[in-house]
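Chemist: For reference, the sequence and a predicted model appear below.
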Amino acid sequence: MPFGCLKPGEKKDYNSPTEITDKYDLGQIVKSEEFCEIFRAKDKNTLKMYTCKKFLKKDGRKVRKAAKNEILILKMVKHPNILQLVDVYETRKEYYLFLELATGREVFDWILDQGYYSERDTSNVIRQVMEAVAYLHSLKIVHRNLKLENLVYYNRLKHSKIVISDFHLAKLENGLIKEPCGTPEYLAPEVVGRQRYGRAVDCWALGVIMYILLSGNPPFYDETDDDDYENHDKNLFRKILAGDYEFDSPYWDEISDSAKNLVSRLMEVDQDQRLTAQEAINHEWISGNAASDKNIKENVCAQIEKNFAKAKWKKAVRVTTMMKRLRAPEHQTATPAAAPDAPNPAAGAQEKAQAPSEASTAPSSSGHFNFAQKKKKAIFCLH
């Protein structure tokens, strides 16, 4: 029975707050997210540290649903590259989730600290995430919010594994999904175009992640004024719908054709033609020896520092009407898909998938894609 459901006549059995404080010491708030507060917690018996997520019921139905959804999904999964749920408590006023604590760095921080960084390093990151995603997909779970901020190293050891965090947008795929959600720059064309979608959206997001890790640039960008959110999103979505990205010179000059091929096949506009997670794992760039050992750190780090300033990427709050526009009836809103001058959704990505080595090498007018003031907050769609 799904979490939170009761049988007819069954009385709700709540935990008392003392049950939590008897077992755990809760520290100060580490950060506040859209639906919850995050603490460090120490088990009083073992002294082991955990992450605690506290959801306040008074904050509304969406918060309550987000908590129940994350609990339901995390109780289903057990994989080395997914942070595991350890304990759950429900009081009359809150939900408390206790999870494994990842003490390592985010992927960007790790790259910046390396003396040497190559395609093979990226391949190792993507392989681990792909294996976790393939596992989720085998359970018919769609993550729906894969992005670099949700990928962290488990600890600070040299060969630490990568783990995926943040499952409150994850959803069981019981038939195709309609409601749009996610983070704008990682959205798949079918989400932007208000089509029904499924597990393939995660593979698109992994293509975006791979593109960024190999070049330091986002595949889709818009140079509209930073405060003009509506036009920024509209222009961004046009490019996503068309698969309008390039392997720009000089950023991709040293990257192998095999890497470009995998990016193109993950970022295939037609979701039915897109590689699955398992197919991507079997690609030569991940399972073979096609990933180059050439040091690409200097170019990648220079672009990361220009494009993904920490103040923007981690902490800025975005107020946007993007999902309202996507959810509105077609006769009430001019969506990117309905725009008369929107480009052909399939042409760009199909051409790249067939001939990645022939992709355009013309640089952008600015030479880099600096959207350091753009906001990266996930857009939620729980109803």
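Modeler: Yep, it's here. Numbering: from 1, shown residues only.
Chemist: What segments of this protein are helices?
Modeler: Under the criterion DSSP state H, the chain carries helices at the ranges 17-23, 61-76, 107-113, 119-138, 189-192, 200-215, 229-242, 257-266, 277-281, 284-287, 297-307, 310, 322-327, 347-354.
Chemist: can you list the ones you listed in a markdown table and add mean neighbour count, mean pLDDT and distance to Leu169?
Modeler: For glycine as for every other residue, the C-beta is placed from the backbone atoms N, C-alpha and C. Putting those into a markdown table (neighbours: other CB atoms under 10 Å; pLDDT from 0 to 100; distance: least, CB to CB, whole Å) gives the following:
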| stretch | mean neighbour count | mean pLDDT | distance to Leu169 |
| --- | --- | --- | --- |
| helix 17-23 | 13 | 96 | 26 |
| helix 61-76 | 19 | 94 | 8 |
| helix 107-113 | 17 | 88 | 20 |
| helix 119-138 | 21 | 98 | 12 |
| helix 189-192 | 26 | 96 | 12 |
| helix 200-215 | 25 | 98 | 11 |
| helix 229-242 | 20 | 84 | 18 |
| helix 257-266 | 23 | 98 | 20 |
| helix 277-281 | 19 | 98 | 17 |
| helix 284-287 | 18 | 97 | 25 |
| helix 297-307 | 18 | 90 | 24 |
| helix 310 | 13 | 45 | 23 |
| helix 322-327 | 18 | 50 | 12 |
| helix 347-354 | 19 | 44 | 24 |
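Chemist: Tell me which of those helices approaches Thr91 most closely.
Modeler: Thr91 sits nearest to helix 17-23 of all the helices of the chain, at 5.6 Å, using CB to CB.
Chemist: hey, C-alpha coordinates of the closest one in PDB?
Modeler: Once side chains and other backbone atoms are set aside, the C-alpha atoms of helix 17-23 remain, and they are given as PDB (Å, rounded to 0.1, in the frame of the first residue of the first chain):
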ATOM      1  CA  PRO A  17       8.900  14.200  18.400                       C
ATOM      2  CA  THR A  18      10.700  12.600  21.300                       C
ATOM      3  CA  GLU A  19      11.100   9.400  19.300                       C
ATOM      4  CA  ILE A  20      13.300  11.400  16.900                       C
ATOM      5  CA  THR A  21      15.300  13.300  19.500                       C
ATOM      6  CA  ASP A  22      15.900  10.200  21.600                       C
ATOM      7  CA  LYS A  23      17.700   8.600  18.600                       C
END
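Chemist: So which elements touch that helix?
Modeler: Contact here means 3 or more CB pairs under 8 Å, 6 or more residues apart in numbering; DSSP states H and E; on that basis helix 17-23 packs against strand 85-90.
Chemist: Give me the mean pLDDT for the strand it packs on.
Modeler: Confidence for strand 85-90, expressed as mean pLDDT, is 97.
Chemist: quick revisit: can you tell me which of the helices of the chain comes nearest to Phe98?
Modeler: Between Phe98 and the helices of the chain, the tightest spacing by CB to CB is seen for helix 17-23, at 9.0 Å.
Chemist: Residues touching that closest one, excluding its own?
Modeler: Residues from elsewhere that reach helix 17-23 (CB atoms under 8 Å, 6 or more residues apart in numbering): 26, 43-45, 87, 89, 91, 96.
Chemist: Could I get the contacting residues of the residue nearest to the spatial centre of the chain?
Modeler: The C-alpha lying nearest the average C-alpha coordinate of the chain belongs to Leu146 (CA atoms, centre = their mean; 1.8 Å). Taking CB under 8 Å, 6+ apart as the definition of contact, the neighbours of Leu146 are 129, 133, 164, 186, 202, 205-206, 209.
Chemist: hmm, 6 Å instead?
Modeler: 202, 205 (CB atoms under 6 Å, 6 or more residues apart in numbering).
Chemist: Which positions within stretch 158-170 qualify as buried?
Modeler: Judged by neighbour count (16 or more other CB atoms under 10 Å), stretch 158-170 contains these buried residues: 160, 162-164, 166-170.
Chemist: Any chance of the residues you listed in TSV with distance to Lys75 and pLDDT as columns?
Modeler: As requested, the buried residues of stretch 158-170 are exported to TSV (distance: CB to CB, whole Å; pLDDT from 0 to 100):
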residue	distance to Lys75	pLDDT
Ser160	25	94
Ile162	22	97
Val163	17	97
Ile164	16	96
Asp166	16	88
Phe167	11	92
His168	14	87
Leu169	16	91
Ala170	12	94
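Chemist: What residue spans form the domains of the chain?
Modeler: 17-100, 107-358 (automatic domain parsing).
Chemist: Stretch 136-144: end-to-end distance?
Modeler: End-to-end distance for stretch 136-144, by CA to CA, to the nearest Å: 11 Å.
Chemist: For it, what is the distance to the chain centroid?
Modeler: Computed by CA atoms, centre = their mean, to the nearest Å, the separation of stretch 136-144 from the middle of its chain amounts to 13 Å.
Chemist: still on that earlier bit, now tabulate the helices of the chain in TSV and tack on distance to Asn155.
Modeler: TSV is the format used below for the helices of the chain (distance: least, CB to CB, whole Å):
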stretch	distance to Asn155
helix 17-23	24
helix 61-76	20
helix 107-113	12
helix 119-138	14
helix 189-192	34
helix 200-215	20
helix 229-242	35
helix 257-266	28
helix 277-281	24
helix 284-287	23
helix 297-307	22
helix 310	21
helix 322-327	35
helix 347-354	37
